[in-house]
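1. The following comprises the amino acid sequence and a computationally predicted model.
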Amino acid sequence: MPTRVPFLDLTAVTEAVRAQVEARWSEVLRSAAFIGGAAVEAFERELAAYCGTAEAVGMANGTDALHLTLRALDIGPGDTVVVPANTFVATVEAIVLAGAAPRFADVDPETLLLTPETVAAAVLPSTKAVIAVHLYGQMPDMVALSACADALGLLLVEDAAQAQGATYAGRRAGAYAVAGCFSFYPGKNLGAFGDAGAVVTSDPRLAATLRSMRDHGRALGTHYEHVVLGTNSRLDALQAVVLRAKLAHLDEWNASRVGLMAQYRDRLDPGRARLVADQPGGQGVHHLAVARVADRERVRSELDARGIGTGVHYPVPCHVMPPYRDYADGPLPAAEQAATEVLSLPMYPHLEPAALLRVVAAVNEVAGRLPR
Ligand SMILES: *Cc1c(COP(=O)(O)O)cnc(C)c1O
């Protein structure tokens, strides 16, 4: 029996940074500067430089990055925020945690990304912002979405949790909108050894508000002056060490994902397993390799029986989930259809070419035997 091809294997990316992380963790243990400090500040500088923004603000996770960004932009009760229905639940959660209400938008049926048309269809007079989600690692048409947001008087925020390093029209994910929100959950393209997140922005006032909010609303540089409603969402030094080490490899690891995705595109039979379309004008970083199949649960279990791990991102669109369904006001056909068909195939930088060929052969065979 050949070994299993897991859906995700982080062993190789962990080993690539182990020596550096262990050495720098040992310095952190000696310094006892566990929260904030030199490692966090260095990571913030390096992330901002990488994204091409003036600032980066480390956070405890991606959900807080989104939630605090909305609050720092003064979005709250009485306001609505447009969000695609087919995203990870955290995007929607952040809107509700900020006290605002989501306006669920549909997406392009092939790229599964927001378009100016789907945004316009969801906007109300109460709408203050739109969150563009870079689903599966690729950015929507940000030129068109920026123009659309400007025309409608909306703030544009990026949920770039799945897209560290992606570009659109030459600009990096996070650098298009007023703010770009990242998660560094371990499985993301840039992943910590625990929870972490960040916001990148070129607006110094927004950055200052976020720095205060993540630290109990402290006036910057003070200890006992709490001037805004904050929370605890600080990035810790141990995670910043990991993120600095991994950021140095990100382009190389993303390039590997791009190569693997090209193999999937060349070899999968599109009549049986049709990959989510590339958005023209951008370069995605393929956080996930998502194909669409009929009878997904059967395909999944037959692939599992052949030793191939898969995932589903996501089986339930947010507008039908119990905490959020009262905000929905109509069907969203493209998002609902995608939820029944999407199947995430193995994708990680060190996926062996031979293992990818086994995945392709199994998918073509299993999906080919099922009625379409
Ligand atoms: C992972 C993810 C988040 C949330 O990040 P956490 O760090 O888990 O809080 C938000 N949005 C999207 C699209 C994600 O994939």
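-> Noted; the coordinates are in hand. Numbering: from 1, shown residues only.

2. Give me the number of neighbouring residues for residue 126.
-> 12 (other CB atoms under 10 Å). In short, each C-beta sits where N, CA and C put it, glycine included.

3. Is residue 258 located within a helix, as I assumed?
-> Yes - counting by DSSP: H, G, I helix; E, B strand; the rest coil, residue 258 is part of a helix.

4. Check the gap between the residue lying closest to it once chain neighbours are set aside and residue 254 for me.
-> Of all residues not flanking residue 258 in the chain, residue 286 sits nearest, at 6.2 Å (CB to CB, 6 or more residues apart in numbering). Counting by CB to CB, to the nearest Å, the gap between residue 286 and residue 254 amounts to 8 Å.

5. Compare those two and say which is more crowded by neighbours.
-> residue 286 (26 against 23).

6. quick check, that one in a helix?
-> No - with three-state DSSP as the criterion, residue 286 is coil rather than part of a helix.

7. can you point me to the longest strand in the chain?
-> Determined from DSSP state E, the single longest strand within the chain is strand 127-133.

8. Show me what that one is packed against.
-> strand 80-84, helix 89-97, helix 142-152, strand 155-159 (3 or more CB pairs under 8 Å, 6 or more residues apart in numbering; DSSP states H and E).

9. which of the residues in the longest one are buried?
-> Buried positions in helix 142-152, judged by neighbour count with 16 or more other CB atoms under 10 Å: 142, 145, 146, 148, 149.

10. Quick check: nearest residue in space to the last one, chain neighbours excluded?
-> For residue 149, ignoring the flanking residues on the chain, the nearest one in space by CB to CB, 6+ apart is residue 156 at 4.2 Å.

11. what does the second one give?
-> Residue nearest to residue 145 in three dimensions, not counting chain neighbours: residue 132, with 5.6 Å by CB to CB, 6+ apart.

12. contacting residues for the one you found?
-> Listed by CB atoms under 8 Å, 6 or more residues apart in numbering, the contact partners of residue 132 are 113, 114, 139, 140, 142, 145, 156, 157, 158, 159, 176, 177.

13. Verify the stated contact: the fourth one with residue 280.
-> What it means is residue 140. No - Residue 140 lies out of contact with residue 280 (CB atoms under 8 Å); the separation is 10.9 Å.

14. Now render the contacts of residue 132 as TSV, adding pLDDT and distance to residue 299.
-> Conversion of these to TSV gives the following (pLDDT from 0 to 100; distance: CB to CB, whole Å):
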residue	pLDDT	distance to residue 299
113	98	24
114	98	28
139	98	28
140	98	28
142	98	33
145	98	33
156	98	37
157	98	35
158	98	32
159	98	28
176	94	36
177	96	36
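
15. Can you get me a residue count around the closest residue in space to residue 300 that isn't next to it in sequence?
-> Distance criterion CB to CB, 6+ apart; nearest residue to residue 300, sequence neighbours excluded, is residue 310 at 5.3 Å. Using other CB under 10 Å, the number of residues around residue 310 comes to 22.

16. residues in contact with residue 310?
-> 7, 300, 303, 304, 343, 344, 345, 346.

17. which one of those residues sits closest to the ligand?
-> The ligand lies nearest to residue 344 out of the contacts of residue 310, by CB to the nearest ligand atom, at 12.0 Å.
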